[in-house]
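*Asks:* from the sequence below, what's the structure:
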Amino acid sequence: MAEPLTLSGRRVHEVLERQTRALARRLVTAFAEQIPIYRRLPREELDGEILGIVEHNLRVIGRMFRDRRPPTRAELAPLRTSAARRAQEGVPLEALLAAYHLGARTIWEHLFAEAEPDDFADVLAANRLVLVYVEAVTAAVCTAYVQEREGMLSQEQHAMHATVSAMLAGDQEALAGVRLAPRYLVLALAIGPHPDERSSEPGAAVAGRRKLHRVRHALQRHAAEQVLSVLDGTGGHVLVPLPAAHEGEEAGPVPGEIVAAAAKAAGAPVWAAAEVVAAAEVAGAAHLTGEVLEVVRLFHLPPGAYRLADVLLEYQLTRPSEATEALAGLLDPLLDYPDLLRTLKVYLDSGLDRRRTAELLHVHPNTVDYRLRRAVVLTGLDPVDPGHLQRIGAALAARRLAGPPAVPKINGHPRRRL
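*Replies:* Predicted coordinates for the structure are as follows:
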């Protein structure tokens, strides 16, 4: 059996045993003075559980000095229990580790400050044992703390997911007793892939998870309370809690700013549909924003935030109606003239600017005039006429919704499609 460590002829563990109570109180006082969060702990906790675990640590170190061995799993068990309690209380892990490291340093300085040359071998051995103690304690405390926090987060996430699911489903019974915000900004999101996700390498999945984490963090920065979400790497629904509306206030935050922040965080394009509603109306708003987002994606609109008012025509055209096919048919006379149809579309998208249309099509403005005149002759619809202009816009939208038309054959040869 190894000889106990000595200092000036005295056994170190016996010195430590005699001073355990006083040294423990000194350490607890140092924690409160040097680690801010310990100052906010109740006095009874500092003088009770915290003092008790410090005394236990001093006894463990004493036995290590006596037997020249690392701490046992059983000796570390109370430290793991204490770390789990601190995790429940919300004490940061770095503060907890700071206390252990401060304690080890203080003990070392207290016991060996007056060591003499003849004590060198035992001081060196003690130093190694203190390092072993710090390593073992750090591993035990971190493991217990993280396990407890993960369990707590799992419960919190389960509760949050249940709340979001109930709100999206309009299940008021399941929401009984749940504190909800007065209003919510309801967002339906579609998130494009980050460049790193396009790789077939295993790192692509990691890039997707990191992207999602950044998006959630960016969304949370725009809310004073917890943002509720059902999201994956491609999108989902987000509920941003808002305070009650007061007279003269804006309806809510600017969705465009939130979506821009999410896109910047994602490093990828983000499309969103948004509505601000009372808590009881979230389910209906979620359904509506989901439909609006489908319309936005269906019509290949650019990334950004959209409300129903931004896509009224496109939205209406996606509703089941016999008029949709009839609207698309207004442009059937151009079926054999794809250049005319493309010119008409670009002309409308350019705000009826013939020169801009010519630039985009890489043709002379006179060519644009000629094609537009031909389109008018074939369809009877003149974009210069406000009434006709609305019908042309609706017809183009309806044709985009319907997709490419079938390719009928004439004399056994395929007819040119749009």
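
*Asks:* which helix runs longest in this structure?
*Replies:* helix 120-169 (DSSP state H).

*Asks:* by contact count, what packs against the following helix or strand past it?
*Replies:* Per DSSP states H and E, the first helix or strand lying C-terminal to helix 120-169 is strand 183-191. The criterion is 3 or more C-beta pairs under 8 Å, 6 or more residues apart in numbering; DSSP states H and E, and the helices and strands that strand 183-191 contacts are helix 203-220, strand 235-242, helix 255-266, strand 270-278, helix 282-298. (C-beta placed from N, C-alpha, C; glycine too.)

*Asks:* any idea how far residue 6 is from the closest residue to residue 381 other than its chain neighbours?
*Replies:* Of all residues not flanking residue 381 in the chain, residue 388 sits nearest, at 4.6 Å (C-beta to C-beta, 6 or more residues apart in numbering). Residue 388 sits 104 Å away from residue 6, going by C-beta to C-beta, to the nearest Å.

*Asks:* one step back: average pLDDT across the longest helix of the chain?
*Replies:* Predicted confidence along helix 120-169 averages 86 (mean pLDDT).

*Asks:* and that helix, how far out from the chain's middle?
*Replies:* 22 Å (C-alpha atoms, centre = their mean, to the nearest Å).

*Asks:* which residues are in contact with residue 32?
*Replies:* Residues counted as contacts of residue 32 (C-beta atoms under 8 Å, 6 or more residues apart in numbering) are 38, 39, 41, 46.

*Asks:* how does it look with 7 Å?
*Replies:* 38, 39, 46 (C-beta atoms under 7 Å, 6 or more residues apart in numbering).

*Asks:* type out the PyMOL command that picks the buried ones from the residues you listed.
*Replies:* Those of the contacts of residue 32 that count as buried under 16 or more other C-beta atoms under 10 Å are selected in PyMOL with:
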select buried, resi 38+46
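
*Asks:* the inter-axis angle of the longest helix of the chain versus strand 235-242?
*Replies:* On the basis of axes from the mean of the first three to the mean of the last three C-alpha atoms, to 10 degrees, helix 120-169 is oriented at 90 degrees to strand 235-242.

*Asks:* okay, angle between helix 120-169 and strand 183-191 too, please.
*Replies:* Going by the same axes, to 10 degrees, helix 120-169 makes 100 degrees with strand 183-191.

*Asks:* what's across from residue 272 in the sheet?
*Replies:* residue 189, residue 305 (DSSP bridges).

*Asks:* identify the residues contacting the residue most central in space within the chain.
*Replies:* Centrality entry for the chain: nearest residue to the mean C-alpha point is residue 216, 1.7 Å, by C-alpha atoms, centre = their mean. Residue 216 makes contacts with 229, 231, as judged by C-beta under 7 Å, 6+ apart.

*Asks:* how about 10 Å then?
*Replies:* 227, 229, 231, 238, 262, 265 (C-beta atoms under 10 Å, 6 or more residues apart in numbering).

*Asks:* can I get those in a markdown table including neighbour count?
*Replies:* Below are the contacts of residue 216 laid out as a markdown table (neighbours: other C-beta atoms under 10 Å):
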| residue | neighbour count |
| --- | --- |
| 227 | 21 |
| 229 | 21 |
| 231 | 18 |
| 238 | 27 |
| 262 | 24 |
| 265 | 19 |
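
*Asks:* CSV for those, including distance to residue 369?
*Replies:* Formatted as CSV, those follow (distance: C-beta to C-beta, whole Å):
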residue, distance to residue 369
227, 53
229, 52
231, 50
238, 48
262, 44
265, 47
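
*Asks:* let me know the closest of those to residue 158.
*Replies:* Closest approach between these and residue 158, by C-beta to C-beta: residue 229, at 14.1 Å.

*Asks:* which residues does the residue nearest to that closest one when sequence neighbours are not counted bridge with?
*Replies:* Distance criterion C-beta to C-beta, 6+ apart; nearest residue to residue 229, sequence neighbours excluded, is residue 238 at 4.5 Å. Here residue 238 sits in beta bridges with residue 187, residue 229, going by DSSP bridges.

*Asks:* show me the domain layout of the chain.
*Replies:* Following automatic domain parsing, the chain resolves into domains at 6-151, 183-317, 322-414.

*Asks:* how far out from the middle of the chain is stretch 183-198?
*Replies:* The chain centre lies 10 Å from the centre of stretch 183-198; the measure is C-alpha atoms, centre = their mean.

*Asks:* go on, stretch 347-363?
*Replies:* 41 Å.

*Asks:* and for stretch 353-366?
*Replies:* 44 Å.

*Asks:* what's it in contact with?
*Replies:* Contacts of stretch 353-366 (C-beta under 10 Å, 6+ apart): 339, 342-351, 367-372.

*Asks:* hmm, try it at 6 Å
*Replies:* The contact list for stretch 353-366, computed with C-beta atoms under 6 Å, 6 or more residues apart in numbering, reads 346, 347, 350, 368.

*Asks:* which ones are touching the third one?
*Replies:* Just to be clear, that refers to residue 350. Contacts of residue 350 by C-beta under 6 Å, 6+ apart are 356, 357.
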